[in-house]
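Q: pasting the sequence and the predicted model now:
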Amino acid sequence: MWSVTQKAALVTFAAVVGTVLIEFAISMATGRPYPFFVFVLDVLMPAAMGFPVAYLLFRQQHRLRAAAAELKQVNAELTHKVSRDHLTGFLNRETFFERTGGLRRRSDAGALLLIDADHFKTINDTHGHLVGDEALRLIAGAISRSVRDTDVLGRVGGEEFCVFLPSTERWEAVVVAERLRAGVEQLDFRPIPDVRHPLSVSIGAVMHDAGESMSKLMRRADIALYRAKASGRNMVVMPRETRLVDSEPVACRNRIQAVTLRSW
């Protein structure tokens, strides 16, 4: 990338050459001589006036570009902060529903996981909210490690999370949900040194229907989550389907059948 000084020097050189060539052409056309002192003036005048002006212009242009780039960066950071939950880095409630709505309109396949931390109030009441925040960060990390890069993660409540799995079949959703549940269960959370406190989540999983509103989808997921809580927590509950697709991998079909025991 050329520096401001190099650009100004190049423009000045072009101005000098242009001035000399024009004066020389005029002299040739009119038959007048081209004295040496005129040549010197043709060189010195553009150089003396052109270089400072070009330098100032290019310097101002460089500053404006730098300011525009900085403003763009600040705007991107602000947009990121506004759309994200400060504790977990997940999308906040409003942004999650907005992002999910766009994905649902582009695809008929997809699943929503509504996740709630079990007995979370006990952690806050016993150890304080700072320790509770650490538990939420650990759970969020387990969620992140259990999903794909294309999945949408959101924190939609105090200890409630949502994951939308675009272009996902039912058996895939069950596998992801169960992997997520197991990942949280294996977390090593120690609010007191050398004392492990078990963490777990209950998950309500539903497949989205084409044309279904987000509020209706959330209500169905909330019903599934309620059943998971009422059935003992630390489990995945998903509405039962009448049959499994023959093309589903055998191992995954077996896992669906296992989780379907917790369905209705």
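A: Everything's here; your move. Numbering: from 1, shown residues only.
Q: which residue ranges form the helices in the stretch 101-250 of the chain?
A: 120-127, 129-146, 170-185, 214-230, 250-260 (DSSP state H, counting those that start in this stretch).
Q: any chance of the ones you listed in CSV, plus mean neighbour count, distance to Thr12 and mean pLDDT?
A: Any C-beta I mention is one placed from the backbone N, CA and C, and that applies to glycine too. Formatted as CSV, the helices of the stretch 101-250 of the chain follow (neighbours: other CB atoms under 10 Å; distance: least, CB to CB, whole Å; pLDDT from 0 to 100):
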stretch, mean neighbour count, distance to Thr12, mean pLDDT
helix 120-127, 14, 70, 93
helix 129-146, 17, 56, 96
helix 170-185, 20, 64, 95
helix 214-230, 18, 62, 94
helix 250-260, 15, 71, 43
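Q: let me have these in CSV, extended by distance to Gln61.
A: Shown next, in CSV, are the helices of the stretch 101-250 of the chain (distance: least, CB to CB, whole Å):
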stretch, distance to Gln61
helix 120-127, 55
helix 129-146, 43
helix 170-185, 51
helix 214-230, 47
helix 250-260, 59
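Q: give me the low-pLDDT residue ranges for the stretch 51-200 of the chain?
A: 74-81, 107 (pLDDT under 70).
Q: and stretch 208-217, how far apart are its ends?
A: The first residue of stretch 208-217 is 6 Å away from its last residue (CA to CA, to the nearest Å).
Q: give me the contacts around that stretch.
A: 97, 100-101, 104, 108, 110-112, 206 (CB atoms under 8 Å, 6 or more residues apart in numbering).
Q: next step: those restricted to strands.
A: 110-112, 206 (DSSP state E).
Q: now stretch 105-125: how far from the chain's centre is it?
A: 19 Å (CA atoms, centre = their mean, to the nearest Å).
Q: buried set for that stretch?
A: Neighbour-count burial for stretch 105-125, counted by 16 or more other CB atoms under 10 Å, picks out 109-118, 120, 123-124.
Q: now, among those residues, which is nearest to Leu138?
A: Distance to Leu138, by CB to CB, is smallest for Ala117 among the buried residues of stretch 105-125, at 10.0 Å.
Q: can you pull the contacts of the residue nearest to the closest one when sequence neighbours are not counted?
A: Leaving aside its chain neighbours, Ala117 sits nearest to Glu159 (4.0 Å; criterion: CB to CB, 6 or more residues apart in numbering). Residues near Glu159 by CB under 8 Å, 6+ apart: 116-117, 120, 136.
Q: circling back to that earlier point, now, the most widely separated pair of the contacts of stretch 208-217?
A: Top of the distance list for the contacts of stretch 208-217 (CB to CB): Phe97 and Asp108, 18.8 Å.
Q: tell me how the protein divides into domains.
A: 4-83, 93-260 (automatic domain parsing).
Q: ok now the last one, how far from the chain's centre?
A: It stands for domain 93-260. The answer for domain 93-260 is 19 Å, by CA atoms, centre = their mean.
Q: do the shortest one as well
A: Its chain's average C-alpha position is 42 Å from that of domain 4-83, according to CA atoms, centre = their mean.
Q: what about it, how long is it end to end?
A: Note: domain 4-83 ends 38 Å apart using CA to CA.
Q: on that earlier part again, closest to Leu21 out of the contacts of stretch 208-217?
A: Lowest distance from Leu21 to those (CB to CB) belongs to Gly101, with 64.0 Å.
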